[in-house]
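K.L.:
sequence first, then the predicted structure:
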Amino acid sequence: MSLQYYIDAFSTLRMNKSGGSVSPHKACLLLSVMDLVEQEAIVTNRIYLDENLKSVFTKHFELLRQGNDQNTLYLPFYHLKTSGFWHHKIYEGRNDEYNSLKESNSENKTLATIEYAFVDNELFEYFKSYNAREALKAALADNFDNELREKLLNPVNGWSWWECEAIVKDYFAMLEAELKGVAYNKSEHNRRLQEILNNRNKSSIEKKHQNISAILKEMGMPTIDGYKPLSNYQRNILPDVIGAELSNQINMADYIESITTQDEAIPTVDDILNRLVDPPEPKTINDIQPEPYKRGSYRPRKVDYIAREANNHKLGLSGEKFIVNYEKARLIKEGRESLAERIDHVSLDDDRLGFDIHSFEGNGKDRFIEVKTTRYARYTQFYITNNELEVSRKLDNQYHLYRVFNFRTDPRFFTCQGKIEKNFVLEPSLFIANILSA
């Protein structure tokens, strides 16, 4: 059966309408099953009347109940069979008891008679798809009045799926412009979003843009400069919207792929000394500690253009030469032309030293520089080798990391002095595994 078939079936469920209101039980049961499939708590097409299902059902029921509605999950668990897509696996030898459930039912009788429920195989596959689930949820909402429909589609204090879709599309439009060096106005984008979203203010929209940055960062994707990644994001909707939008952004994905691996010439700037900016403000503890993974929570799909870019040695070399030019200009401005002439781009001869450039302070003391270059935004993560880490610890205050960003369109950089872990949060990304000896 097609998805449209099930959308039509969900929007026209046979539901109890006694007392002047629609009983939400069947809708709550279907919503619960979709939630559990999404969370990977249900992984095969077997739906048991257990405590897990009861807990999720109760959450939806408390939101949609009206009047004297009672929390009786076993009733829709049985009666949903009239839908044509919901079926039961009956315990062997219990057919008579099963047939009597229509007249006399209880939770104990249901548990003693029905081993589990299952849905059409096609429908179960649709339950695994974010886009299909959202379409089916919207179809369920058609069974209710406007008030209950709003409760079902719009989470309390959260962003609805269509709000997330609108802001994700807007973010990608800005990101594409930034990657291509096309001017755009963040404030104007924010203002337009305020006009179409549900009473979202400027600050709320900016924070959601930061949430999008955080998810893209986890995926190894480039982000918009100026939207600092904010990791406390809405994990039940926003990541799936981003994943769906990425699958539609074929042209932008191809463009990112192409610029990730291409050569990059040293950019020409009017005044290289004005390219230095202040480093980002230190993160709070909430920013640097990601939420622990729980079963069913979102795990972003890794694209990792950042890792691919890190392997672009020609980009790295161009960034190093850019910083050599800066260092010469800095020392010449300080009146130390003789020191400027002694700057040594050491990685050209040996890339195992743990730094790229041997420069000098104005007083003649050594300055050892490691350069990390990206075409992307200032908050883009980068890779550090164990050797670079150890050398930074050994040299400490003589060691300077220069982070060059927006290299292709508007090159800027900031510097951090001292051992690397003093200024950056380090996450393990690769291990060497040896077989345990007997």
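P.N.:
That came through fine.
K.L.:
what number of residues lie near residue 242?
P.N.:
For residue 242, the neighbour count with other CB atoms under 10 Å is 26. The C-beta positions use only the backbone N, C-alpha and C, and glycine is treated the same way.
K.L.:
show me the contacts for it.
P.N.:
Residues near residue 242 by CB atoms under 8 Å, 6 or more residues apart in numbering: 168, 212, 215, 216.
K.L.:
try it again with 6 Å
P.N.:
168, 215 (CB atoms under 6 Å, 6 or more residues apart in numbering).
K.L.:
for it, helix, strand, or coil?
P.N.:
Here residue 242 is recorded as helix under DSSP: H, G, I helix; E, B strand; the rest coil.
K.L.:
next one, pLDDT for it please.
P.N.:
You'll see residue 242 listed with a pLDDT of 85.
K.L.:
stretch 361-374: how far from the chain's middle?
P.N.:
35 Å (CA atoms, centre = their mean, to the nearest Å).
K.L.:
go through it and flag the buried ones.
P.N.:
367, 368, 369, 370, 371, 372, 373, 374 (16 or more other CB atoms under 10 Å).
K.L.:
what element comes up after the helix or strand hosting residue 326 heading to the C-terminus?
P.N.:
For residue 326, the enclosing helix or strand under DSSP states H and E is helix 313-333. Scanning forward in sequence from helix 313-333 by DSSP H and E, the next helix or strand is helix 337-341.
K.L.:
that next one - contacts with which helices or strands?
P.N.:
With contacts taken as 3 or more CB pairs under 6 Å, 6 or more residues apart in numbering; DSSP states H and E, helix 337-341 sits against helix 313-333.
K.L.:
what's in contact with the helix it packs on?
P.N.:
With CB under 6 Å, 6+ apart as the test, helix 313-333 has contacts from 263-264, 266, 272-273, 339-340, 343, 345, 356, 359, 371, 373, 402, 404.
K.L.:
looking at those residues, which are in helices?
P.N.:
Counted as lying in helices by DSSP state H, out of the contacts of helix 313-333, are 339, 340.
K.L.:
and the contacts of helix 313-333, which are buried?
P.N.:
264, 272, 339, 340, 343, 345, 356, 359, 371, 373, 402, 404.
K.L.:
can you map out the strands along the protein?
P.N.:
With strands called from DSSP state E, the chain shows them at 86-90, 114-119, 357-360, 366-373, 399-405, 412-417.
K.L.:
quick one, which of those strands gets closest to residue 138.
P.N.:
Across these, residue 138 has its closest neighbour in strand 114-119 (18.3 Å, CB to CB).
K.L.:
got the domain boundaries for this protein?
P.N.:
Domain ranges of the chain: 3-153, 161-261, 268-438, per automatic domain parsing.
K.L.:
quick check: the residue nearest to the spatial centre of the chain vs residue 167, distance?
P.N.:
In the chain, the residue lying closest to the centroid (CA atoms, centre = their mean) is residue 215, at 2.6 Å. To residue 167, residue 215 is 12 Å away according to CB to CB, to the nearest Å.
K.L.:
quick one on the thing from earlier: tell me which of the strands of the chain lies nearest to residue 237.
P.N.:
Among these, the nearest to residue 237 by CB to CB is strand 114-119 (23.1 Å).
K.L.:
nearest residue to residue 358 other than its sequence neighbours?
P.N.:
Nearest non-adjacent residue to residue 358, counting by CB to CB, 6 or more residues apart in numbering: residue 344, 4.3 Å away.
K.L.:
residue most distant from the centroid, the protein?
P.N.:
The outermost residue of the chain relative to its centre, with distances by CA atoms, centre = their mean, is residue 96 at 50.9 Å.
K.L.:
tell me the predicted confidence for that residue.
P.N.:
90.
K.L.:
and what of residue 113?
P.N.:
What the model reports as pLDDT for residue 113 is 94.
K.L.:
now do the contacts for it.
P.N.:
By CB under 6 Å, 6+ apart, residue 113 lies in contact with 94, 97, 98.
K.L.:
number of nearby residues for the second one?
P.N.:
Other residues lying near residue 97 total 16 when counted by other CB under 10 Å.
K.L.:
ok, now the first one?
P.N.:
Residue 94 sits with 15 neighbouring residues when counted by other CB under 10 Å.
K.L.:
how about low-confidence regions in the stretch 201-350 of the chain?
P.N.:
Scanning the stretch 201-350 of the chain for pLDDT under 70 picks out 234-236, 282-306.
K.L.:
how about low-confidence regions in the stretch 51-200 of the chain?
P.N.:
Within the stretch 51-200 of the chain, the ranges that satisfy pLDDT under 70 run 147-148, 150-158.
K.L.:
how about the helices in it?
P.N.:
For the stretch 51-200 of the chain, applying DSSP state H, counting those that start in this stretch gives helices covering 51-64, 74-79, 95-100, 107-113, 121-127, 130-141, 146-153, 161-179, 186-196.
K.L.:
make TSV out of the ones you listed and add distance to residue 415.
P.N.:
Converted to TSV, the helices of the stretch 51-200 of the chain look like this (distance: least, CB to CB, whole Å):
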stretch	distance to residue 415
helix 51-64	50
helix 74-79	63
helix 95-100	74
helix 107-113	67
helix 121-127	51
helix 130-141	42
helix 146-153	49
helix 161-179	23
helix 186-196	26
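K.L.:
so which of those is the most packed in?
P.N.:
For these, the largest average neighbour count (mean count of other CB atoms under 10 Å) is found in helix 74-79, namely a mean of 22.
K.L.:
closest to residue 436 out of the helices of the stretch 51-200 of the chain?
P.N.:
Using CB to CB as the measure, helix 51-64 is the one of those that comes nearest residue 436, at 37.5 Å.
K.L.:
convert the C-alpha atoms of the closest one to PDB, please.
P.N.:
Taking Å, rounded to 0.1, in the frame of the first residue of the first chain, the C-alpha atoms of helix 51-64 are listed here in PDB:
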ATOM      1  CA  GLU A  51       4.900  -1.000  30.400                       C
ATOM      2  CA  ASN A  52       7.000   0.800  27.800                       C
ATOM      3  CA  LEU A  53       4.000   1.200  25.500                       C
ATOM      4  CA  LYS A  54       1.800   2.200  28.500                       C
ATOM      5  CA  SER A  55       4.200   4.900  29.500                       C
ATOM      6  CA  VAL A  56       4.400   6.600  26.100                       C
ATOM      7  CA  PHE A  57       0.600   6.200  25.600                       C
ATOM      8  CA  THR A  58       0.000   8.000  28.800                       C
ATOM      9  CA  LYS A  59       2.100  10.900  27.700                       C
ATOM     10  CA  HIS A  60       0.000  11.400  24.600                       C
ATOM     11  CA  PHE A  61      -3.200  10.600  26.300                       C
ATOM     12  CA  GLU A  62      -2.700  13.200  29.000                       C
ATOM     13  CA  LEU A  63      -2.200  15.800  26.300                       C
ATOM     14  CA  LEU A  64      -5.200  14.900  24.200                       C
END
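K.L.:
done for today, thanks.
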